[in-house]
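Asks: give me the fold of what follows.
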Amino acid sequence: MSGEPKSAPERLIPAMPVPEGGEAFSRKVHGLLDGQPKDEVTVHQALAGMDEMLDKIAAGLYSLASMLVGEGEDSIRLVETAVARADISGCGGDAKLARQSSRSAMCSAAIETLVKRDPQSLAAPQDTEPSATCIEEDDLSAAGISTAELESMLAGPNRESVRKWLEGLSTETRVIFVIRAVAGFSSDETAALLSGHGGPSANGWTAEGVRVAFRQGLCSLASQLIHATNAR
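Replies: Residues are numbered from 1 along each chain as shown. Here you go, the predicted model:
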């Protein structure tokens, strides 16, 4: 592979919309952080609906956590950690930025959890040369997969089969695929998350290394779709 790699898309499937009312709710909450005293009625009105909104946020974070580390108590703990770490106050009332901040906190905590299980599970590849894969670009169409098919696999009736497929991937391929395709981070951002939270053995992750691992995940996904189609 020669020349500079093409810029990878931030996300391979259409970003799920912020829950209805999320933008307005985020702006209201941010408006409380102006350093001025507030009476109880003002605070109560601004926080009306918080329980429902938090439930939606927590459900989305748990789904992401379970894809990264599996179902169970570890994923529940990750939701708590992500909420505690996320820099919501620094998002200026922007619900999309707040969601991305919580996803970043979730992914970093998930990486730390996986490394505690196995310090070498997210070790950076030793070979710095680009590796050939069945897909040469970060593009779904190159794998014969439409965005609608991928979205259906991740969130539709085939969700459980996707879970089993993810569990069958190597740890590094699964984590990179989920961070890139589900959480919506770029290759550079994913490499930074791995290097920053994956322990000493992960210090060598680069954007190109992430691209190679991600394409391996796409190759596996393409094979999964072919088998599913032939089995019908």
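
Asks: show the average pLDDT along the helix or strand where Ser104 lies.
Replies: Per DSSP states H and E, Ser104 falls inside helix 95-117. Rounded to a whole number, the mean pLDDT of helix 95-117 is 88.

Asks: against which helices or strands is that helix packed?
Replies: Helices and strands touching helix 95-117, by 3 or more Cβ pairs under 8 Å, 6 or more residues apart in numbering; DSSP states H and E, are helix 22-31, helix 50-69, helix 73-85, helix 171-177, helix 187-197. All C-beta spots, glycine's among them, are computed from the backbone N, C-alpha and C.

Asks: which SS state does Glu71 fall under?
Replies: Reduced to three states with DSSP: H, G, I helix; E, B strand; the rest coil, the structure at Glu71 is coil.

Asks: just name the most buried of the helices and strands packed on helix 95-117.
Replies: Compared across the helices and strands packed on helix 95-117, helix 171-177 shows the largest average neighbour count, a mean of 23 (mean count of other Cβ atoms under 10 Å).

Asks: and the contacts of that one?
Replies: Residues from elsewhere that reach helix 171-177, judged by Cβ atoms under 8 Å, 6 or more residues apart in numbering: 67-68, 110-111, 114, 118, 121-123, 166-167, 169, 190, 194, 210, 213-214, 216-218, 220-221.

Asks: where in this protein is pLDDT low?
Replies: Where the chain drops to pLDDT under 70, the residues are 1-56, 88-95, 128-151, 154-155, 225-232.

Asks: picking that back up, any chance of JSON lines for the helices and strands packed on helix 95-117, columns distance to Arg99?
Replies: Rendered in JSON lines, the data for these read as follows (distance: least, Cβ to Cβ, whole Å):
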{"stretch": "helix 22-31", "distance to Arg99": "8"}
{"stretch": "helix 50-69", "distance to Arg99": "8"}
{"stretch": "helix 73-85", "distance to Arg99": "11"}
{"stretch": "helix 171-177", "distance to Arg99": "20"}
{"stretch": "helix 187-197", "distance to Arg99": "15"}
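
Asks: distance of Thr171 from Pro157?
Replies: For Thr171, the distance to Pro157 (Cβ to Cβ, to the nearest Å) stands at 27 Å.

Asks: same question for Leu122.
Replies: 31 Å.

Asks: these two - which one has more neighbours?
Replies: The neighbour count for Leu122 versus Pro157, taken as other Cβ atoms under 10 Å, is higher for Leu122 (24 against 8).

Asks: how is the protein partitioned into domains?
Replies: Listed by automatic domain parsing, the domain ranges of the chain are 15-117, 123-232.

Asks: name the helix or strand for the nearest residue to Gly70 once chain neighbours are set aside, please.
Replies: Spatial nearest neighbour of Gly70, excluding adjacent residues (Cβ to Cβ, 6 or more residues apart in numbering): Glu167 at 7.3 Å. Here Glu167 sits within helix 159-168, counting by DSSP H and E.

Asks: buried residues, that helix. List them.
Replies: 162, 165-166 (16 or more other Cβ atoms under 10 Å).

Asks: elements contacting that helix?
Replies: Counting contacts by 3+ Cβ pairs under 8 Å, 6+ apart, the secondary-structure elements packed against helix 159-168 are helix 50-69, helix 147-155, helix 171-177, helix 207-230.

Asks: what's the burial count for Glu208?
Replies: Counted by other Cβ under 10 Å, the residues lying close to Glu208 total 17.

Asks: same deal with Cys107?
Replies: Number of residues near Cys107 (other Cβ under 10 Å) recorded here: 26.
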